[in-house]
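Asks: 3D, please:
(one chain, ligands or ions: 2)
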Amino acid sequence: MQFNFSADSAFSFLQKQCDFGPRIPNTPAHVACAAYLEKKLSEYGALVTLQKFDAKAYNGEILHSTNIIAQINPSHPKRIALFAHWDSRPYCDNDAEVNWKSPVLGANDGASGVAVLLELARIWQQKAPSVGVDIVLFDSEDYGTPSFVQNDSEDTWCLGSQYWGAKKPYSVKPIYGILLDMVGGVNPNFGYDVISQQFAPEILAKVWSVAHSLGYSQTFVSKTSGSIVDDHYYVNILTGIPTIDIIDFSPNRGFPSTWHTIYDTPQNIDKESLKMVGNVLELLIYSE
Ligand code: AHN
Ligand code: ZN
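Replies: Ligands and ions are numbered 1, 2, ... in the order given. Sure thing, here's the model as predicted:
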C-alpha cells in the first residue's frame, strides 16, 4: 500500500508544539498551543469542539484545562476514537534532583501522539476514511503527584480523560479507542499493557496484526509490557469504550530513558517511530 503519512510533516507538528515551550496548564504557552491545535484541526476540515474544565491538582491548584475534540465525518454512525494528551509535565522528577522542579518539554511525552494525530487529520482531508473518527486531545494528563512529594491521594494523573469519561461528550459512542503516548522515541517497544489486555484484547490483536503486516514486529512486540495507568484506563472504566494504549514501555527499562527528564526534546525523537505508528493507523482506519 502507498502511504500518505509523512514523517517530516509529523515531526514538524511535534517541533511546533515544543516551540511554544512546556505546555503546562495555567501558562501562556499552554493557551497558545491550544489555539494552534484548534486552528490546525479546523484547517484540516475536522469539526472542532473545546471541552473546557477546571480540575483540582494534587496540590490544590486549580488547572484551567481544555480537552480538544476534532471529529472527522461527524455524522457517520460508525466511529473510532483516537486519543493523546497535549499537556506536558511541570516536573522532571525522574531526573537528577537539581532538575526536579524544571518542566518537561514533552517532545515524546505529549507532543509525539498529538503530532501523529495532526498528520492523520491532514491526510484524511486529502482522502476521507469511510468511518467517523473522533480525535480527542486530553489536557492535564501529566500533573500527577511528583515522586518527591509524599501524598497518598489517588487519581491525580489523567485529569482530562477523567473529565471526558465522566461527561461522555459524544452522541455516538465510538466502537473502540486507541491512545498514543510516547510514540516518538528511539527504538521504541510497544507491547501489551495490562489494562489494554484486560479491557480490549481484541483491539490489541487487530492493531498489532496490522503492524506485523507492515513488518513492524520488532517494535510492536506481542508480549506483556507492564501495568500502566494512563488515559485509556479512565476511558475504559468510565465509558466502556474498549481502548488500548500504544505506549513505549519495556519490562527491562520501563519508560524511555528521557521520560520525565530534561532530555525529552525533539533531538531525542526518531521520526521513523512516528511514521510506523502513523502508517499503522492510516492502514487500520482506511480498512474500517
Ligand atoms: C505513570 O506511570 C504515573 N503514568 C503513566 C502515564 C503517563 C505519564 N504517561 C505519560 N506520562
Ligand atoms: Zn508524563
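
Asks: What segments of the protein are helices?
Replies: 7-19, 28-43, 112-126, 159-167, 194-199, 201-213, 231-239, 271-287 (DSSP state H).

Asks: mind checking which of those helices is nearest residue 262?
Replies: Across the helices of the chain, residue 262 has its closest neighbour in helix 7-19 (12.8 Å, Cβ to Cβ). (Each C-beta comes from the backbone N, C-alpha and C, glycine too.)

Asks: so how far is the closest one from its chain's centroid?
Replies: On the basis of Cα atoms, centre = their mean, to the nearest Å, helix 7-19 sits 15 Å off its chain's mean C-alpha point.

Asks: angle of it against helix 271-287?
Replies: 110 degrees (axes from the mean of the first three to the mean of the last three Cα atoms, to 10 degrees).

Asks: which parts of the protein sit against ligand 2?
Replies: 89, 109, 142 (Cβ under 5 Å from the ion).

Asks: Farthest from the middle of this structure: give me that residue.
Replies: residue 98 (28.2 Å; Cα atoms, centre = their mean).

Asks: so what's the closest residue to residue 237 other than its chain neighbours up against?
Replies: Leaving aside its sequence neighbours, residue 237 sits nearest to residue 165 (Cβ to Cβ, 6 or more residues apart in numbering; 7.4 Å). Contacts for residue 165 (Cβ atoms under 8 Å, 6 or more residues apart in numbering) come out as 234, 235, 237, 238, 239.

Asks: Between these, which sits nearest residue 189?
Replies: residue 235 (22.5 Å).

Asks: I figured the closest one hits residue 163, correct?
Replies: No - at 11.5 Å, residue 235 does not count as touching residue 163 under the criterion of Cβ atoms under 8 Å.

Asks: More neighbours: these two, which one.
Replies: residue 235 (30 against 22; other Cβ atoms under 10 Å).

Asks: how about the residue of the chain found nearest ligand 1, phi and psi?
Replies: Relative to ligand 1, the nearest point of the chain is residue 230 (4.3 Å; Cβ to the nearest ligand atom). Per-residue torsions, residue 230: phi -140, psi -180 (degrees, to the nearest 10).

Asks: Which residues are in contact with it?
Replies: Residue 230 touches 141, 157, 158, 179, 181, 193, 195, 245, 247, counting by Cβ under 8 Å, 6+ apart.

Asks: Mind listing the residues bridging to the fourth one?
Replies: This points to residue 179. residue 83, residue 245 (DSSP bridges).

Asks: pLDDT score for residue 152?
Replies: On pLDDT, residue 152 comes in at 72.

Asks: now residue 160
Replies: Residue 160 is given a pLDDT of 99.

Asks: go on, the one 10 residues further on?
Replies: We note a pLDDT of 98 for residue 170 in this prediction.

Asks: Give me the neighbour count for it.
Replies: Around residue 170 there are 17 residues (other Cβ under 10 Å).

Asks: do the same with residue 270
Replies: When neighbours are counted by other Cβ under 10 Å, residue 270 comes out with 17.
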